[in-house]
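K.L.:
Provided below for reference: sequence and predicted model.
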Amino acid sequence: MDTVIELSNVTKTFKDFKINNVSFQIKKGFVTGFVGANGAGKSTVIKLIMNLLQPDSGEIRIFGLDYKTHEKEIKEHIAFVYDDHVFYENLTLNNMKKIIAPLYTNWDEELFKHYVIKFQLPLTKKLKTFSKGMLMKSSLAIALSHHAKLIIMDEPTAGLDPIFRREFLAILHELVEDEEKTIFFSTHITSDLEHIADYIVFLHDGKIQFVDELLTIDENFTLVKGSLDLLDRDIEKEFISLHKTELGFEGLAKDKKHIMSLFGNLAMYESASLEDIMFYTKKRSDTFATID
Ligand SMILES: Nc1ncnc2c1ncn2[C@@H]1O[C@H](COP(=O)(O)OP(=O)(O)OP(=O)(O)O)[C@@H](O)[C@H]1O
């Protein structure tokens, strides 16, 4: 089974927001970053994937299975790390582990001890004395100790210092080295993804903008600058977003080769970071209601 997560035409409607016909697949053995602006619907999609919310329509399959018939089996193989830590603060990590471990048939006490030592976590101090980084490490140690095949995280690096973020990314990297584990996580820190992600799922206003390999995104998206006389109505359609001033234009295009064939060396091209892509997509949708 090469597809670990599969969403097909998933819709979920709240009073003021809609997850709109979302479809994507997450491949086994890779790290996929889930990006989108505040309020794009990432946490909602993650809750749907975790069966904490149910779709109004569409299908969600995890390891090829449906929650309706295989919830226990699916959950057994998922490690879920939240941004809000769900630990009881008056318990120690050891006590917390004693509550959680029996929930998993695959719980591996030796592996838990390994992560506790690796992350330098005190087992007998109350969790309320832990820093945010220590809570994240605790959450991860527990999540990793039942041999999960799929690790899902909602904003795991939010609020963590750069040193811990780097350590954390190195841990994730190690986890997927054997190509058996799959990691899917949302983040606003797109530079983290540029270090580690193989694939990117980009959600904007409840809709999928694209799902692509990071490498392909790097190769295809480009920031273009040039003088206004290079533009006409047809050429403008090539841009995801275009900003014009008296001095010239600056825009984001998603087919670098094509745009270069149009402008040649009359324009300037820069590589577009994920942050640039998010920024320009938002700018466009602020101008128009939706983007193609
Ligand atoms: N249970 C709910 N009932 C009604 N509206 C909700 C509910 N959960 C989320 N929403 C709305 O759905 C929208 C998307 O929220 P969501 O938390 O999924 O976005 P997000 O991309 O994770 O945002 P952020 O990056 O800021 O965490 C928001 O407008 C939010 O108010």
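P.N.:
Cool, got the structure. Numbers count the residues shown, from 1 in each chain.

K.L.:
these two touch, right, residue 274 and residue 200?
P.N.:
Yes. Residue 274 sits in contact with residue 200 when judged by C-beta atoms under 8 Å, with a separation of 6.7 Å. From N, CA and C alone the C-beta is placed, and that goes for glycine too.

K.L.:
what do the two both touch?
P.N.:
By C-beta atoms under 8 Å, 6 or more residues apart in numbering, residue 274 and residue 200 have these common neighbours: 35, 193, 217.

K.L.:
So which of those wins on neighbours?
P.N.:
Note: the member of the shared contacts of residue 274 and residue 200 with the most neighbours is residue 35, at 24 neighbours, neighbours being other C-beta atoms under 10 Å.

K.L.:
mind listing what that residue touches?
P.N.:
For residue 35, the contact set (C-beta under 8 Å, 6+ apart) comprises 42, 186, 187, 188, 190, 193, 200, 201, 202, 203, 274, 278.

K.L.:
Relative to residue 198, how far out is it?
P.N.:
Note on residue 35: its distance to residue 198, by C-beta to C-beta, to the nearest Å, is 14 Å.

K.L.:
Same check on residue 207?
P.N.:
Counting by C-beta to C-beta - residue 207 and residue 198 are separated by 23 Å.

K.L.:
just residue 206 next, same as before
P.N.:
Here the distance between residue 206 and residue 198 works out to 25 Å (C-beta to C-beta).

K.L.:
Point out the residues in the chain that sit beside the ligand.
P.N.:
Applying C-beta under 6 Å from any ligand atom, we find that the chain lies next to the ligand at 14, 15, 17, 36, 38, 39, 40, 41, 42, 43, 44.

K.L.:
give me every residue that touches the fifth one.
P.N.:
Shown in contact with residue 38 (C-beta under 8 Å, 6+ apart): residue 188.

K.L.:
Kindly confirm my reading that it is in a helix.
P.N.:
No. Counting by DSSP: H, G, I helix; E, B strand; the rest coil, residue 38 is located in no helix; its state is coil.

K.L.:
pLDDT wise, what is it at?
P.N.:
In the predicted model, residue 38 carries a pLDDT score of 89.

K.L.:
Which residue ranges of the stretch 151-292 of the chain form helices?
P.N.:
Assigned helices in the stretch 151-292 of the chain, in chain order: 162-175, 190-196, 214-220, 233-236, 256-263, 274-287 (criterion: DSSP state H, counting those that start in this stretch).

K.L.:
To residue 248, which of those lies closest?
P.N.:
In terms of C-beta to C-beta, the element of the helices of the stretch 151-292 of the chain nearest to residue 248 is helix 256-263, at 12.1 Å.

K.L.:
For the closest one, C-alpha coordinates in CSV please.
P.N.:
As requested, C-alpha coordinates have been extracted for helix 256-263 and formatted as CSV (Å, rounded to 0.1, in the frame of the first residue of the first chain):
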residue,chain,number,x,y,z
LYS,A,256,8.9,28.9,-15.2
LYS,A,257,9.9,27.4,-18.6
HIS,A,258,6.8,28.8,-20.3
ILE,A,259,7.2,32.3,-18.8
MET,A,260,10.9,32.3,-19.8
SER,A,261,9.9,31.4,-23.4
LEU,A,262,7.6,34.4,-23.4
PHE,A,263,9.9,37.0,-22.0
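
K.L.:
Just the mean pLDDT for that helix, thanks.
P.N.:
This predicted structure assigns helix 256-263 an average pLDDT of 93.

K.L.:
could you dump stretch 61-80 to CSV, C-alpha only?
P.N.:
Coordinates of the C-alpha atoms in stretch 61-80 are reproduced here as CSV (Å, rounded to 0.1, in the frame of the first residue of the first chain):
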residue,chain,number,x,y,z
ARG,A,61,-9.1,6.3,3.8
ILE,A,62,-6.1,5.7,6.0
PHE,A,63,-3.9,2.7,5.0
GLY,A,64,-6.6,2.0,2.5
LEU,A,65,-9.1,1.5,5.4
ASP,A,66,-12.3,3.3,6.4
TYR,A,67,-12.8,4.6,9.9
LYS,A,68,-16.4,3.3,9.8
THR,A,69,-15.2,-0.3,9.8
HIS,A,70,-11.5,-0.2,11.0
GLU,A,71,-11.2,2.7,13.5
LYS,A,72,-9.2,0.7,16.1
GLU,A,73,-6.8,-0.7,13.5
ILE,A,74,-6.2,2.7,11.9
LYS,A,75,-5.6,4.5,15.3
GLU,A,76,-3.3,1.8,16.5
HIS,A,77,-0.8,2.7,13.7
ILE,A,78,-1.1,6.5,13.9
ALA,A,79,0.9,8.8,16.2
PHE,A,80,-0.8,12.2,16.6
